[in-house]
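1. Sequence below, structure please.
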Amino acid sequence: IILGKNFWNRSDLPNTPKNAVAVHYVEGIAQNSRSDLFWYHHRHIDPSKILVFFDNINAESRPHIIKAIRMLESQKIKWVSLNNGRIQGKPLPYWKKDRKRKPLSKLFNSTKHPRETSMQKWILRESKALLSEADYWISFYSFFNIKVHMETEEGTTRGVCQRIALDHIGGVHVGKQRSENLGWKQGLLGYHPHHVFFLWGNRSIDDLENCHNGIKNIIISGYPFDYLFNNTESSDQWKTYLTDNSATYIIALFDEVFYEPIQNTRKIAHSLTNNSESEYRIPMVCGIIHDIPYSKTMLSEFYKAFLNLVIDNPDIGIIIKSKKSTILPRLDELHCTLKQALATRRCIVVDNPQKQLPVYASNASDISIGIGISTAITETIISGGVGLHYDCTSMTSHPFHQFGHNQIVFNDLRELLEAVKNHKNHIPETENDFDFTTLPNRFDPFRDGQSCHRIERYISDLLESFEHGRKQHDAINEANSRYSDLWGHDKVLVQNP
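-> Numbers count the residues shown, from 1 in each chain. So this is what the prediction gives:
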């Protein structure tokens, strides 16, 4: 990557005007895939009011971050690093907290806290650490005049501390629904610690309410990346390739990260660090280890069934859009079958899958199948496609089983394959068959490609209220009121936290 002569020719931190927006760099800022700036389309907000912060700069992420910075600067969007370091020999504009500023830690009197048992000592130690983290964000928000924080990251104590810090300075923590699974009766306490949360549609309201996150303002905005649905370049290429090789019925397949038992304690210790590959790392929610529900065997059986369909049927093609590029190579027992399917030229494995939306694969397909209660399948349905969930873990308490068992969600692979064959062969429906036309409205009542603009307008309304001197509660109420006037009173739900 060749940088311009004046790239990062600065020693000072960026100056942001009052009432700015902080954006955490998590998914990237590419214009044709998932982006942390998905909501910003230059309609309502001055770019100088946006500050993107980077906090995970390493050898692997550096090339992507360099490209992101170039794009940000071309749009006059400001950025800062929370880590000290250098890229291409140039020092990063690096923000460091003022150590003397500890408004919350100073209020905490640790001498009054019991410390007789190991549990009490742990609570005291963690309390001090969390207060210190909240002080860090109070200092960050104050230094850069931040009033709104747009956050993509989920399930961290850092998010809880950010919300506490914004309560302290009178700002607003904003999040959005990222996946189909919002916890539904799992009680993911603190997983979404936001003041305002943008939800795709009404179907997820109950799920969110059951998770005890204290979100008071739920805004129905539609699917946030629907503006990319009309990007058909990849879809057209894949479909042309498969049809040119005699495929008349195309299936899109979506997988999930799977769990492999770790054999020794050294690997377990390594898996708990942020240095290991995410597939091997034991996931943690607010410090509590939880299991990945999918096994290597589940994914291997799923893929083998559909690869054999391709091998045995010369009119069937498949597009495999994996969640991560490292998943398929780890399915050792699949290699021979996959090689045979690829040799038919009716099987595509999507390159760099993290940068491709699932809808690009489903748009080229007649039907889409996803492992588990699949977010990719929900995206497919919102875009107007036909999609089925393969719930191999048999989570039959999920709402989908209540209204679509063995119709949109299957926990038996043989019945799923039978349903796919019936769809392919256009077997007439019975009066008991599921009406797929009712599904899209459950997930997204808009489906107009304008979700990002609704969210940008809402954030703009928040900033405008802050400009007029409104306090946190009043700013949110005014933004809610304007949103309901534009999109309907049923699109804003104010909950008791």
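2. can we go C-alpha only for contacts and neighbour counts from here?
-> Noted.
3. for this protein, which helix is longest?
-> Once the chain is assigned using DSSP state H, the helix that runs over the most residues is helix 118-143.
4. Was I right to think Arg62 contacts Gly85?
-> No - using CA atoms under 8 Å as the test, Arg62 is too far from Gly85 to be in contact (10.9 Å).
5. Which residue, other than its chain neighbours, is closest to Gly171?
-> Excluding the flanking residues, the one nearest Gly171 by CA to CA, 6 or more residues apart in numbering is Lys147, at 4.4 Å.
6. Give the rounded mean pLDDT of the helix or strand just after the longest helix of the chain.
-> Sequence-wise, the next helix or strand downstream of helix 118-143 (DSSP states H and E) is strand 146-150. The average pLDDT for strand 146-150 rounds to 98.
7. Count the residues that sit near Phe466.
-> 22 (other CA atoms under 10 Å).
8. Touching, it and Ala475? I think so.
-> Yes - using CA under 8 Å, Phe466 is in contact with Ala475, at 6.4 Å.
9. show me where pLDDT drops low in the stretch 101-250 of the chain?
-> Counting by pLDDT under 70, the stretch 101-250 of the chain has low-confidence residues at 182-187.
10. Could you do the stretch 351-497 of the chain as well?
-> For the stretch 351-497 of the chain (pLDDT under 70), the answer is 428-434, 496-497.
11. show me where it has helices.
-> Shown for the stretch 351-497 of the chain, the helices assigned by DSSP state H, counting those that start in this stretch span residues 358-362, 375-382, 399-404, 413-424, 439-443, 451-467, 472-487.
12. Take these and write them to JSON lines, including distance to Val160.
-> Output for the helices of the stretch 351-497 of the chain, formatted as JSON lines (distance: least, CA to CA, whole Å):
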{"stretch": "helix 358-362", "distance to Val160": "30"}
{"stretch": "helix 375-382", "distance to Val160": "25"}
{"stretch": "helix 399-404", "distance to Val160": "28"}
{"stretch": "helix 413-424", "distance to Val160": "40"}
{"stretch": "helix 439-443", "distance to Val160": "28"}
{"stretch": "helix 451-467", "distance to Val160": "20"}
{"stretch": "helix 472-487", "distance to Val160": "17"}
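13. Out of the ones you listed, which gets nearest to Tyr259?
-> Ranking those by distance to Tyr259, with CA to CA as the measure, places helix 375-382 first at 18.7 Å.
14. Determine how far that closest one lies from the middle of the whole chain.
-> 14 Å (CA atoms, centre = their mean, to the nearest Å).
15. Could I get the CA-only coordinates of it as PDB?
-> Taking C-alpha atoms only, helix 375-382 is exported to PDB below (Å, rounded to 0.1, in the frame of the first residue of the first chain):
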ATOM      1  CA  THR A 375     -29.400 -14.500  10.600                       C
ATOM      2  CA  ALA A 376     -28.400 -15.000   7.000                       C
ATOM      3  CA  ILE A 377     -31.800 -16.700   6.400                       C
ATOM      4  CA  THR A 378     -33.700 -13.800   8.000                       C
ATOM      5  CA  GLU A 379     -31.800 -11.500   5.700                       C
ATOM      6  CA  THR A 380     -32.700 -13.700   2.700                       C
ATOM      7  CA  ILE A 381     -36.400 -13.500   3.700                       C
ATOM      8  CA  ILE A 382     -36.300  -9.700   4.200                       C
END
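16. May I see the buried residues of that helix?
-> Thr375, Ala376, Ile377, Thr378, Glu379, Thr380, Ile381, Ile382 (16 or more other CA atoms under 10 Å).
17. One more: stretch 332-347?
-> So, applying 16+ other CA under 10 Å, buried residues of stretch 332-347: Leu334, Thr337, Leu338, Ala341, Leu342, Arg345, Arg346, Cys347.
18. What of stretch 37-52?
-> Neighbour-count burial for stretch 37-52 [16+ other CA under 10 Å]: Leu37, Phe38, Trp39, Tyr40, Ile45, Pro47, Ser48, Lys49, Ile50, Leu51, Val52.
19. What strand or helix carries the first one?
-> In this structure, Leu37 sits in neither a helix nor a strand according to DSSP H and E.
20. if I look at it, how far off is Ile50?
-> Counting by CA to CA, to the nearest Å, the gap from Leu37 to Ile50 is 10 Å.
21. Now the common contact residues for the two.
-> Common contacts of Leu37 and Ile50 (CA atoms under 8 Å, 6 or more residues apart in numbering): Val23.
22. ok, back up a step: of the buried residues of stretch 37-52, which is the nearest to Ser139?
-> Nearest to Ser139 among these, counting by CA to CA, is Leu51 at 15.0 Å.
23. and the angle from the helix or strand hosting the closest one to strand 146-150?
-> Applying DSSP H and E as the criterion places Leu51 in strand 50-54. When axes from the mean of the first three to the mean of the last three CA atoms, to 10 degrees is applied, the directions of strand 50-54 and strand 146-150 differ by 60 degrees.
24. what packs against strand 50-54?
-> strand 20-24, strand 78-81 (3 or more CA pairs under 8 Å, 6 or more residues apart in numbering; DSSP states H and E).
25. Mind checking the ones you listed for the one nearest to Ala68?
-> Across the helices and strands packed on strand 50-54, closest to Ala68 is strand 78-81 (CA to CA), at 10.0 Å.
26. What helices and strands are in contact with that closest one?
-> Helices and strands touching strand 78-81, by 3+ CA pairs under 8 Å, 6+ apart, are strand 50-54, helix 62-74.
27. 6 Å instead, please
-> strand 50-54 (3 or more CA pairs under 6 Å, 6 or more residues apart in numbering; DSSP states H and E).
28. Excluding chain neighbours, what is closest to the one residue sitting closest to the centre of the chain?
-> With distances taken as CA atoms, centre = their mean, the chain has Arg178 as the residue nearest its mean C-alpha position (3.6 Å). With sequence-adjacent residues excluded and distances taken as CA to CA, 6+ apart, Arg178 is closest to Thr152, at 7.9 Å.
29. And what about the one you found, helix, strand or coil?
-> coil (DSSP: H, G, I helix; E, B strand; the rest coil).
30. Now for it, how many residues are close by?
-> Neighbour tally, Thr152, other CA under 10 Å: 19.
31. circling back to that earlier point, just the ones of the buried residues of stretch 332-347 in strands?
-> In strands, judged by DSSP state E, the following of the buried residues of stretch 332-347 are found: Cys347.
32. Arrange the buried residues of stretch 332-347 in a markdown table, one row each, with distance to Tyr227 and pLDDT as further columns.
-> A markdown table is the format used below for the buried residues of stretch 332-347 (distance: CA to CA, whole Å; pLDDT from 0 to 100):
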| residue | distance to Tyr227 | pLDDT |
| --- | --- | --- |
| Leu334 | 36 | 94 |
| Thr337 | 37 | 97 |
| Leu338 | 33 | 97 |
| Ala341 | 33 | 98 |
| Leu342 | 32 | 97 |
| Arg345 | 31 | 97 |
| Arg346 | 29 | 98 |
| Cys347 | 28 | 98 |
